[in-house]
Each structure stands twice: as structure tokens, then as C-alpha cells.
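J.: Quick check, what structure comes out for this input:
(chains A, B, C and D)
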There are 2 protein chains.
Amino acid sequence: MLIPGEQELALELGCARTTVNRALRELAACGAIDRKRKAGTRVVSQRSQKVSADIPVIRLQVESRQQVYSFELRKQSHCQPPPQVALRMKLSAKDEALFLRTIHFADTRPFAFEERWVNTETVPMIMQADLEQVSANEWLVSQVPLSHGELQLSAIAASKTVARTLKIEDKSPLLKMERLTWLEGKSVTAATIYHVPDHQLRLEF
Amino acid sequence: MLIPGEQELALELGCARTTVNRALRELAACGAIDRKRKAGTRVVSQRSQKVSADIPVIRLQVESRQQVYSFELRKQSHCQPPPQVALRMKLSAKDEALFLRTIHFADTRPFAFEERWVNTETVPMIMQADLEQVSANEWLVSQVPLSHGELQLSAIAASKTVARTLKIEDKSPLLKMERLTWLEGKSVTAATIYHVPDHQLRLEF
DNA sequence: AAGTGGTCTAGACCACTGA
DNA sequence: CAGTGGTCTAGACCACTTT
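T.: Residues are numbered from 1 along each chain as shown, chains lettered A, B, ... in the order given. Here you go, the predicted model:
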């Protein structure tokens, strides 16, 4: 459904075009309308729900539950990522990256298990960071002005290794979160985080 | 970290205050800065990642996988919701609501199982809709201009009932999605959707 | 080629809110 | 109460894109 142009609406509503423009720009940001130069503005028919939410650093997730946060860096090495990861991060086969395996705790109980690859070409500074003190998660968020990223959520059954690490039963349902972030076309980090059962992720829209 | 006021920045950058205002407004929308009248504008220190995504109608999720969508309305009744649901939807104890139990299929295979309560006070029109033809999900999205909502994600083990319904193994890991939507302070619908294992939800930021 | 949205300017008044 | 952001106006030029 086509709606009148900005100029016409401004006349009709008795306000400046700038005002109409801003209103329509905001509606477009919400996904309610679709705008194209010359083609005009249309009401989106199959409106999908735009969700937006803050996904905080794990420490804050834990602390917001009034629990004490801590983490343990289980492994830290600079090596070649498996081809699947290299592909996702747009690394060439020979490139090395920083690998980190971390367990996050809430009040001494395991809360999440994280495996992360960091592109040291993009973020060389991280080699100087003391990742025993500040988790890579948090270091990256505070130090790197990232431009763009994606996040995949799924439910999986805990493997034996992960179950043992999180001290839960084998095959428990876990919320698996895969994040991939980019800085100006270069990959920054690829992380897979397994959350203990009962963990809830809340989003709003 | 406090940054200069709009007027000062406009001078510094040699542009109009309106332009600075717009830029800062957009940064605030991204969550990069925090603005308060009189207090000024601050760079947010613990930047959490703003995620945004379209969560399409289930039919479109299925069709985007090149599969044929269908659904089956298993139950439809107008009755009192359990207290827990009534509370979430801000219904009084005596209020009735429309209950719908739906199975969504992708190419004849179960794809998701949905239990939904619809507030018929807010959306009386739905009583006239033919929910065998168009799923409630889709009817609501197309008919109701909702203002606000929330979404909770978690991983759970399939109960026997759900497992049988989705034709999967008992205790398979499911992605559980609880949605609650509002229209001007009144609840519209509360839905719980269980997605088959391996279903992935993609978000971007 | 023409019409649409995108963006900017220079100026104004207002509402909130922290000092 | 004073300074900040929030919002509006009237006008201008530009860039894209469809016809």
C-alpha cells in the first residue's frame, strides 16, 4: 500500500516536511514501512516482528542474578583453527588465531562454557592483554569498536565433555549460542557459548 | 566519559546543531552513548551488544527453507487460562481467553509445536477469523498493530507429549520460545513455541 | 527527465532535570 | 534556575531510481 509523498503529507498535516521525514524515517527503522527514492513509501504487508535486545557480557548476566561471577581460562593457544572455523572467519588455511576455552561461573557453579577464536590479525592488541584477569569476552567488548555481527541460537544435547565441564547430566539440553563479529569486513572473533539448562535469554521488541 | 554538548560540537565540526543532534540521536539508538537532559552525553562504558532481528511468521521460516508449509489446529477453545498465564497476560482470575494448540509442518514433517492464548478483550475480531485457514500467528501479525513485546528463549528437554507430537525422541533438546505481546498496555497474546532440534534462530547486530 | 526520499542549514522554542 | 537535549520550521540542494 502506497502512502503519499513527504511533501503532500506535510501539507495535509500542516507541518514541515522535515518533521514528516523524521517520522517516516523512524517508522522505516521499525520496519513498518519501506521507502525507496522515486518509488515512494509503502506499508510493509508481511510485517515480521523486529526484535531488538541487549545481550550483556556474561559477567553482567551473572551479577544481575545477584550471584558472584568468576571464570577460569582452561586453555589458551595460538594455532591453526579447524577449516570450518577458518572459513567462517574468512581466514586462509595457514593463518593462525588465538584459541580460548573458558568456563564461566555463577557462585562457584558452572554457568557457561565458551570456546572462542580471536583473529589476531584484526586485534593484535589482545596478545598483550592479561586474559586471566579480564575475560576475552569483556576485553573485546570494551576495546574493540565492532561494526557488525551475527548470532545463532539453537538447542543441543550436552556432549559428554561439555556435560562434565558444566557438571550437568549427559545429554542435558543446552542453549548454544554462536557469535561471529566483524570489524570493517575483517572477522574479529567467533565464539560458541553453551549455557546451562534453565538459562533464559530475554529479548524485547 | 562525557562528551561536549551539541552546540559546542556543531561549532567544532562546522555544521548545524540539527546535524549533530541527529548523529548523536542515532548513536544513542545504537546504544553507544547515553544522553540525559542537562546532564549531557556520555559514552557508554559497559557496552552491551544490541541485537536486532526479524522473527518472521513460521510459514515464512519454513518456506525460506524451500519446504512446503502447513499447519494443523489441534485444539481451539475459549476458557480460563491457568493462573500463571493469566498473570503474565494481566488477566483477572475469571477472565477467559482463546486457547489454540497448533502443529506447524515443513513438508509433512512436524516443525514446531505451539500453544497460544489470545486475549479476546484486546482482539475481539479474532473470534470471527477462520483460524483453520490462516494460523493465529499470521492472523495476529497481519491484523494487530502491536506496540511492544518480549521474547524468552531457552533449551528444554522434550516432554513425552511434545516428543510424540513432534515425532522426535523423548527428551530431545528443543528450542523453547515464549512470546508475549502488548498493544497499548493490554496483552494481546502469549505463545509458547517448541522448535524441533537443529532449528536455528539467527539474529544480527 | 522528473519525482522521490536523503540530508543539511540556521534559527527557534520548549521540557526536562541536575546542580 | 540554568543548561542540556528534544523537537519543530522553512528552505535548500542533492542522489537515486523509476518511468
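J.: Near DNA strand C, which residues of chain A are found?
T.: Within chain A, the positions near DNA strand C by Cβ under 7 Å from any atom of the strand are A:5-7, A:17-18, A:21, A:24-25, A:28, A:35-41. All C-beta atoms are positioned from the backbone trio N, CA, C, and that covers glycine.
J.: Let's see which of those end up in strands.
T.: Residues of these located in strands (DSSP state E): A:Arg35, A:Lys36, A:Gly40, A:Thr41.
J.: Kindly indicate the member of these with the most neighbours.
T.: Counting neighbours by other Cβ atoms under 10 Å in any protein chain shown, A:Thr41 leads those with 18 neighbours.
J.: Tell me the confidence at that one?
T.: Reported pLDDT at A:Thr41 in the predicted model: 96.
J.: what do you get for the one 10 residues further on?
T.: On pLDDT, A:Val51 comes in at 81.
J.: does it belong to a helix or a strand, and which?
T.: Using DSSP states H and E, A:Val51 sits within strand A:49-55.
J.: which residues touch that strand?
T.: With contact meaning Cβ atoms under 8 Å, 6 or more residues apart in numbering or on different chains, strand A:49-55 is reached by A:30-31, A:151, A:201-205, B:31, B:48-56, B:141, B:146, B:149, B:151, B:203, B:205.
J.: so what are the domain limits for chain A?
T.: A:2-43, A:58-195 (automatic domain parsing).
J.: For the residue nearest to A:Pro4 when sequence neighbours are not counted, give me the pLDDT.
T.: In this structure, A:Pro4 finds its nearest non-sequential neighbour in A:Glu12, 7.1 Å apart by Cβ to Cβ, 6 or more residues apart in numbering or on different chains. A:Glu12 is assigned 94 on the pLDDT scale.
J.: CA-only coordinates of the strand holding A:Val51, as CSV, when you get a sec.
T.: Coordinates of each C-alpha in strand A:49-55 appear next as CSV, following Å, rounded to 0.1, in the frame of the first residue of the first chain:
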residue,chain,number,x,y,z
GLN,A,49,8.5,-8.7,14.2
LYS,A,50,11.6,-6.7,14.7
VAL,A,51,13.3,-7.8,17.8
SER,A,52,16.0,-5.8,19.5
ALA,A,53,17.7,-6.5,22.7
ASP,A,54,20.9,-6.1,24.7
ILE,A,55,22.9,-9.1,25.2
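J.: So A:Lys152 is in contact with A:Met177, correct?
T.: Careful, residue A:152 is Gln; it's not Lys. Yes: using Cβ atoms under 8 Å, A:Gln152 is in contact with A:Met177, at 7.2 Å.
J.: Who has more neighbours out of these two?
T.: Neighbours were tallied for A:Gln152 and for A:Met177 using other Cβ under 10 Å; the higher tally belongs to A:Met177 (22 against 14).
J.: From A:Thr19, how far off is that one?
T.: Applying Cβ to Cβ, to the nearest Å, the value for A:Met177 to A:Thr19 is 41 Å.
J.: and A:Ile193, what does it touch?
T.: A:Ile58, A:Ala112, A:Phe113, A:Glu114, A:Lys176, A:Met177, A:Glu178, A:Arg179.
J.: Also within reach of chain B: list those from those residues.
T.: Contacts with chain B within the contacts of A:Ile193, as defined by Cβ under 8 Å from any Cβ of the partner chain: A:Lys176.
J.: Which pLDDT does the model give the nearest residue to A:Ala163 once chain neighbours are set aside?
T.: Taking Cβ to Cβ, 6+ apart, and ignoring the residues beside it in sequence, A:Ala163 has A:Asp170 as its nearest neighbour in space, at 4.6 Å. In this model, A:Asp170 is scored at 95, pLDDT.
J.: for A:Cys30, same thing?
T.: On the pLDDT scale, A:Cys30 gets 87.
J.: what's the burial count for it?
T.: For A:Cys30, the neighbour count with other Cβ under 10 Å is 12.
J.: Please report how far it lies from DNA strand C.
T.: Distance, A:Cys30 to DNA strand C, by Cβ to the nearest atom of the strand, to the nearest Å: 14 Å.
J.: In the sheet, which residues pair with the nearest residue to that residue once chain neighbours are set aside? Tell me.
T.: Using Cβ to Cβ, 6+ apart and skipping residues adjacent in sequence, the residue nearest A:Cys30 is A:Lys50, 6.2 Å away. Note on A:Lys50: beta-bridge partners by DSSP bridges are B:Asp54.
J.: mind checking how far A:Lys50 is from B:Thr161?
T.: The spacing between A:Lys50 and B:Thr161, counted by Cβ to Cβ, is 33 Å.
J.: The two: which has the busier surroundings?
T.: Remark: of A:Lys50 and B:Thr161, A:Lys50 carries more neighbours, 14 against 10, as counted by other Cβ under 10 Å.
J.: How about the contacts made by the residue nearest to A:Val85 when sequence neighbours are not counted?
T.: Leaving out its chain neighbours, the residue that sits closest to A:Val85 by Cβ to Cβ, 6+ apart is A:Trp117, at 5.5 Å. A:Trp117 makes contacts with A:Pro81, A:Val85, A:Met89, A:Ala97, A:Leu98, A:Phe99, A:Leu100, A:Thr189, A:Ala190, A:Ala191, as judged by Cβ under 8 Å, 6+ apart.
J.: Looking at A:Trp117 now. What's its pLDDT?
T.: Taking A:Trp117 on its own, its pLDDT is 98.
J.: Repeat that for A:Gly185.
T.: In this model, A:Gly185 carries a pLDDT of 84.
J.: one step back: in strands only, show me the contacts of A:Trp117.
T.: In this view, the contacts of A:Trp117 that belong to strands under DSSP E are A:Ala97, A:Leu98, A:Phe99, A:Leu100, A:Thr189, A:Ala190, A:Ala191.
J.: Could you pull out the buried residues of the strand holding A:Val51?
T.: Across strand A:49-55, burial judged by 16 or more other Cβ atoms under 10 Å in any protein chain shown covers A:Gln49, A:Val51, A:Ser52, A:Ala53, A:Ile55.
J.: Identify the farthest-apart pair in the contacts of A:Trp117.
T.: Farthest apart among these by Cβ to Cβ are A:Met89 and A:Leu100. That separation is 14.0 Å.
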